[in-house]
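Asker: Sharing a model prediction with you, sequence too.
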Amino acid sequence: MGRLPHATLPEPSTAAGRAGLAALLAAPERAVVVLDFDGTLAPIVPDPEQARAHPDAVPALAQLAPKLGSVVVLTGRPAATAVAYGGFAGVPGLEHLVVLGHYGAERWDAATGRTDGPGDDPAVAAARAELPALLADAPQGTWVEDKGGRAVAVHTRRAADPRAAFEALREPLRELADRHGLKLEPGSMVLELRPPGVDKGVALTSYVRHAGASAVLYGGDDLGDLAAFDAVDRLRADGTGGVLVASAATDVPDLSARADLVLPGPAAVVELLAALADALE
Ligand SMILES: O=P(O)(O)OC[C@H]1O[C@H](O[C@H]2O[C@H](CO)[C@@H](O)[C@H](O)[C@H]2O)[C@H](O)[C@@H](O)[C@@H]1O
């Protein structure tokens, strides 16, 4: 796999972010880099089935991962989907990559190729069965993504007015989720129904504590990433170094406002990863 051109490491705009980056660089063997998939490693596209990692993402991750304690992809996707769309399996340098899918409910380990998780949820199947009737009058372009029996997502990006379609469906889908004991997870032009219990914050905290990490860098772009931002804030308060990176989070002002580093999208995130790898030469 070819080396990426040398890149300059950007400086976080906050004191906490600069301290977090310094902690990561001082003890990389105890540092964890955790990245969201869609919008962070993969450019947003209208059709979720066509999403793929940025072409430089895997080379950058493969350069960086051997220099760190670990690298993790933490996504709302099923783990197997992120592995396939990311091209993460069988890559030299990514032998210890971990992909946490379904907001952390599932775990894929590159070392074993195994995916562990709770499997299908009957409440999701029951809610899914009601969707055709509920969406009968939804705007054209509204599309349902079945997420391996563990979640179901209603996408509005391909509607003529994606925001209006999203807002019109939010309450009916919340009511459907409530009736089935599910959580409504809003994202970028998507409303997902999934079992409650785990979120990206819970997953990140558990991973970082179990790894005994002294620093964590988290990058995300969407509403579901706010829980991970909260978790990094809590870890920082406990003395773990933390860097918060927002990727093209124009739709999620809270994320950009709270980030130590705001980057214009996956290409810039990948450059950051390459720059980190260079800095750790
Ligand atoms: O946690 P993530 O890795 O960011 O996954 C969140 C959701 O991403 C996908 O939807 C988003 O990306 C699509 C492809 O670019 C885009 O068309 C859609 O509008 C976005 O919301 C995925 O389809 C969902 O299942 C994930 O939960």
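Answerer: The structure has been received and is ready for your questions.

Asker: So which residues of this structure form helices?
Answerer: Using DSSP state H, the helices assigned to the chain run over residues 15-26, 57-64, 79-86, 122-134, 162-179, 200-211, 226-237, 253-258, 266-279.

Asker: Let me have these in CSV, extended by mean pLDDT, distance to residue 46 and mean neighbour count.
Answerer: C-betas here are computed from N, CA, C, even on glycine. CSV is the format used below for these (pLDDT from 0 to 100; distance: least, CB to CB, whole Å; neighbours: other CB atoms under 10 Å):
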stretch, mean pLDDT, distance to residue 46, mean neighbour count
helix 15-26, 98, 33, 18
helix 57-64, 98, 20, 22
helix 79-86, 98, 15, 21
helix 122-134, 98, 20, 14
helix 162-179, 98, 9, 16
helix 200-211, 98, 24, 19
helix 226-237, 98, 24, 19
helix 253-258, 91, 22, 15
helix 266-279, 97, 16, 22
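
Asker: Pipe those into a markdown table and attach distance to the ligand per row.
Answerer: Shown next, in a markdown table, are those (distance: least, CB to the nearest ligand atom, whole Å):
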| stretch | distance to the ligand |
| --- | --- |
| helix 15-26 | 21 |
| helix 57-64 | 12 |
| helix 79-86 | 7 |
| helix 122-134 | 13 |
| helix 162-179 | 8 |
| helix 200-211 | 7 |
| helix 226-237 | 10 |
| helix 253-258 | 12 |
| helix 266-279 | 10 |
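
Asker: Which one, of these, ends up nearest to residue 108?
Answerer: Comparison of the helices of the chain against residue 108 by CB to CB identifies helix 79-86 as nearest, at 4.0 Å.

Asker: Summarise which helices and strands that closest one is packed against.
Answerer: Under the contact criterion of 3 or more CB pairs under 8 Å, 6 or more residues apart in numbering; DSSP states H and E, helix 79-86 touches strand 98-101, strand 106-109.

Asker: With respect to the ligand, which of the ones you listed lies nearest?
Answerer: strand 98-101 (8.8 Å; CB to the nearest ligand atom).

Asker: Can you pull out the residues in contact with stretch 227-242?
Answerer: 16-17, 19-24, 31, 34, 36, 74, 199-205, 208, 213-218, 220, 243-244, 255, 258-259 (CB atoms under 8 Å, 6 or more residues apart in numbering).

Asker: An error on my part: the question was meant for stretch 133-141.
Answerer: When contacts are defined by CB under 8 Å, 6+ apart, stretch 133-141 is touched by residues 142, 144, 154, 156-162, 164-165, 168-169, 172-173, 176.

Asker: deepest of the helices and strands packed on helix 79-86, which one?
Answerer: Compared across the helices and strands packed on helix 79-86, strand 98-101 shows the largest average neighbour count, a mean of 25 (mean count of other CB atoms under 10 Å).

Asker: Describe which strands that one pairs with in its sheet and in which direction.
Answerer: strand 70-74 (parallel), strand 106-109 (antiparallel) (DSSP bridges).

Asker: related to what we said a few turns ago, now render the helices and strands packed on helix 79-86 as JSON lines, adding distance to the ligand and mean pLDDT.
Answerer: Output for the helices and strands packed on helix 79-86, formatted as JSON lines (distance: least, CB to the nearest ligand atom, whole Å; pLDDT from 0 to 100):
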{"stretch": "strand 98-101", "distance to the ligand": "9", "mean pLDDT": "98"}
{"stretch": "strand 106-109", "distance to the ligand": "12", "mean pLDDT": "98"}
